[in-house]
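Participant: sequence and predicted structure are below.
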Amino acid sequence: MRDLLPYLKLYKKHWFGLSLGMLLSFATLFASIGLLTLSGWFISASAVAGLTIARETFNYMLPGAGVRGAAMARTAGRWGERVVSHNATFKLLTDLRIFFFTKLAPLIPGKAVNIRDADMLNRLVADVDAMDHVYLRLISPIVVGVFGILCLTAVLCWFDLTLGLTLGAILMLMLIVWPLVFYRLGKENGESLTLNKAELRIKTLDWLQGYSELTLFGAESRYRKAITNAQTKLLSNQLVHARISGMAQGLLILANGWLLVLMLWLAADGVGGNQPDPLIALMAFATMASFELLMPIAGAFQYLGQTLTSAKRLNEVILAEPEVTFSAQSATHSNDYSIKFNKVSFAYPDAEQLALRDVSLEVPAGNRLAIVGQTGSGKSTLLQLISRYWDTNSGHIELAGTDIKNWSEPQLRESTSIVSQKVDILNGTLRDNLSMASPNASEEALLNALKSVSLSHLAEDNGLDAWLGDGGRQLSGGEKRRIGIARALLHNAPIVLLDEPTEGLDKNTEQQVMSLFEQHFADKTVIFITHRLVHLERFDAICLLEDGEILEFGHHSNLIEARGRYFELHQTL
Ligand code: ADP
Ligand code: MG
């Protein structure tokens, strides 16, 4: 149950709508019970009056008006209750989604990467949705049920103390027993229902995303079978769920019947010490109607297992501590955007080896540094530390003379342009894909950036409205990289970090990209990662990484002269 606490706290903000919903629900039930009770008594009383002399004096008007009033109140109340409580619940769910997202964002790319995309989506959609059960199916019916039973008991006690207390006690007992029993019965099935629902989505997405690859390797039918299996499991969970729901309702109706027999038997000798009269009908109909209070909770508690499982799955994200926290205030720093690594060591979580060991390195403002080394030597890790994807284990990094930990996130993002090794293309227009780096850039600026990276042909047919990504134009690896470079040009930050931007480009384009440095990155502090040792003469310094350590450092000509490892690698080109 403690798993629900973070969500119950969110209720505070919407307390008014939620309490109003309960109040209306209470009024509706009261009108509904009143209607049946009153009309039961009214019909028998009129019949009795018709047979006796009382027909002259019997007041038909008041109870008749009461019946009409209760009927109208029930309809209006039901409508109002649905509008108010659903409105409040939807607002609550909106808040919950935003809350979940604000907790999720800082976890990326840390721990949360261990959760697959499809699973994360399922948490964001289905598990958040499941949280509306807490209010609509559990809290509201229980609160309304308790108050309803108390009021009904009080009213009936006014007629007959024994009958009122008996009915009240039995109803209260059932209000406690039904949830307990059906929570236990539905718990295991509810848990596996939630997990199997997630499983079905994951398997289906796997199949959809990998369809062409799976077909080529002849594994398509195997993966499709996995979907069918997941579906079969889910269906059997749903079957059990439906059976338990049916049983809860059926047993409640049975209990209602027996309770009616008991009440009739107890009331048969007369209500409140009087001779048998139409008040017996009032008691009987009140008993029948009282089950309207219990019906909503009959099957509800078997959802509790599902809801708790969903809460647990959400908590895995919500309660996780982010690996990196940004400073809330902007740091003061100099206007010379230098980069300095001071004895930095870093290991990825769960990794045995250090990805970087004792790296000390300085790039003065306006200088260009090339980092070279074989795959896996730690080059990308170096950039990820500057972007604060991770924090260093020891040592520290300074940008513009200020420890990077003191920089606020917007400040850091504004000061750095990054072309990462894997450029993501958004599913959107060319304009969307470029302007994300500079939202206020003019049309002309966007087209110029495209031209600088020789991608003008993308805008030939539909201009910047050309669609990229799914359902649009597919880009080659080289084109994606150049979109990445165009974004960096548009972002126009004083520090530029590029991770193998020339990989997969032909010689001509590589040459073009390298010459961009002269034109556009002339006054910027640049770190350029590559494993191709060409055109490196024009860099101010070269740093050779091997197994996370700096092996050699210096200008191209000096390193060649030294005839060390860089020279060796250069020879094998
Ligand atoms: P490079 O960019 O030089 O090819 P990386 O910096 O990407 O190398 O990786 C350095 C080392 O860290 C490699 O051994 C790699 O397997 C490991 N590594 C990279 N990313 C992760 C990660 N997210 N989790 C665990 N290990 C990682
Ligand atoms: Mg890399």
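Facilitator: Looks like it arrived, so ask away. Ligands and ions are numbered 1, 2, ... in the order given.
Participant: flag every residue of this protein that's near ligand 2.
Facilitator: In this structure, the chain approaches ligand 2 at residues Ser380, Gln421, judged by CB under 5 Å from the ion. Quick note: C-beta positions are derived from backbone N, CA and C, even for glycine.
Participant: show me what contacts the most centrally placed residue in the chain?
Facilitator: With distances taken as CA atoms, centre = their mean, Leu124 lies nearest the centre of the chain, 2.6 Å away. For Leu124, the contact set (CB atoms under 8 Å, 6 or more residues apart in numbering) comprises Arg97, Phe100, Phe101, Leu104.
Participant: return the nearest residue of the stretch 201-350 of the chain with respect to ligand 1.
Facilitator: Taking CB to the nearest ligand atom, ligand 1 has its nearest neighbour within the stretch 201-350 of the chain at Tyr348, 3.3 Å off.
Participant: what's around Asp461, how many residues?
Facilitator: 9 (other CB atoms under 10 Å).
Participant: so it belongs to a strand, correct?
Facilitator: No. Secondary structure assignment places Asp461 outside any strand; it is coil (DSSP: H, G, I helix; E, B strand; the rest coil).
Participant: can you pull out the low-pLDDT segments for the stretch 451-573 of the chain?
Facilitator: For the stretch 451-573 of the chain, the stretches with pLDDT under 70 are 573.
Participant: show me where it has its strands.
Facilitator: 495-499, 525-530, 541-546, 549-554 (DSSP state E, counting those that start in this stretch).
Participant: same for the third one, what does it pack against?
Facilitator: This means strand 541-546. For strand 541-546, the elements it packs on are strand 368-372, strand 549-554, helix 556-562, helix 565-571, judged by 3 or more CB pairs under 8 Å, 6 or more residues apart in numbering; DSSP states H and E.
Participant: any chance of TSV for these, columns mean neighbour count?
Facilitator: Formatted as TSV, the helices and strands packed on strand 541-546 follow (neighbours: other CB atoms under 10 Å):
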stretch	mean neighbour count
strand 368-372	23
strand 549-554	17
helix 556-562	15
helix 565-571	15
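Participant: among these, which comes closest to ligand 1?
Facilitator: Closest among the helices and strands packed on strand 541-546, using CB to the nearest ligand atom: strand 368-372, at 8.4 Å.
Participant: that closest one: what's the following helix or strand?
Facilitator: Sequence order places helix 379-386 as the next helix or strand after strand 368-372, per DSSP states H and E.
Participant: what mean pLDDT does that following helix get?
Facilitator: Averaged over helix 379-386, pLDDT sits at 93.
Participant: so how far is it off the chain centroid?
Facilitator: 29 Å (CA atoms, centre = their mean, to the nearest Å).
Participant: that helix: which residues count as buried?
Facilitator: Going by neighbour count (16 or more other CB atoms under 10 Å), the buried part of helix 379-386 is Lys379, Ser380, Thr381, Leu382, Leu383, Gln384, Leu385, Ile386.
Participant: could you check how far the first one is from Leu497?
Facilitator: Relative to Leu497, Lys379 is positioned 11 Å away (criterion: CB to CB, to the nearest Å).
Participant: also Asn122?
Facilitator: Going from Asn122 to Leu497 by CB to CB gives 34 Å.
Participant: so what's Leu475 up against?
Facilitator: Leu475 makes contacts with Ile425, Leu468, Ile483, as judged by CB under 8 Å, 6+ apart.
Participant: of the residues you listed, which belong to helices?
Facilitator: Those of the contacts of Leu475 mapping onto helices are Ile483, per DSSP state H.
Participant: can you list the contacts of Leu475 in JSON lines and add neighbour count?
Facilitator: Formatted as JSON lines, the contacts of Leu475 follow (neighbours: other CB under 10 Å):
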{"residue": "Ile425", "neighbour count": "19"}
{"residue": "Leu468", "neighbour count": "23"}
{"residue": "Ile483", "neighbour count": "24"}
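Participant: nearest to Arg368, of the contacts of Leu475?
Facilitator: Distance to Arg368 across the contacts of Leu475 (CB to CB) is lowest for Ile483, with 22.3 Å.
Participant: that closest one contacts Ser452, correct?
Facilitator: No. At 11.7 Å, Ile483 does not count as touching Ser452 under the criterion of CB atoms under 8 Å.
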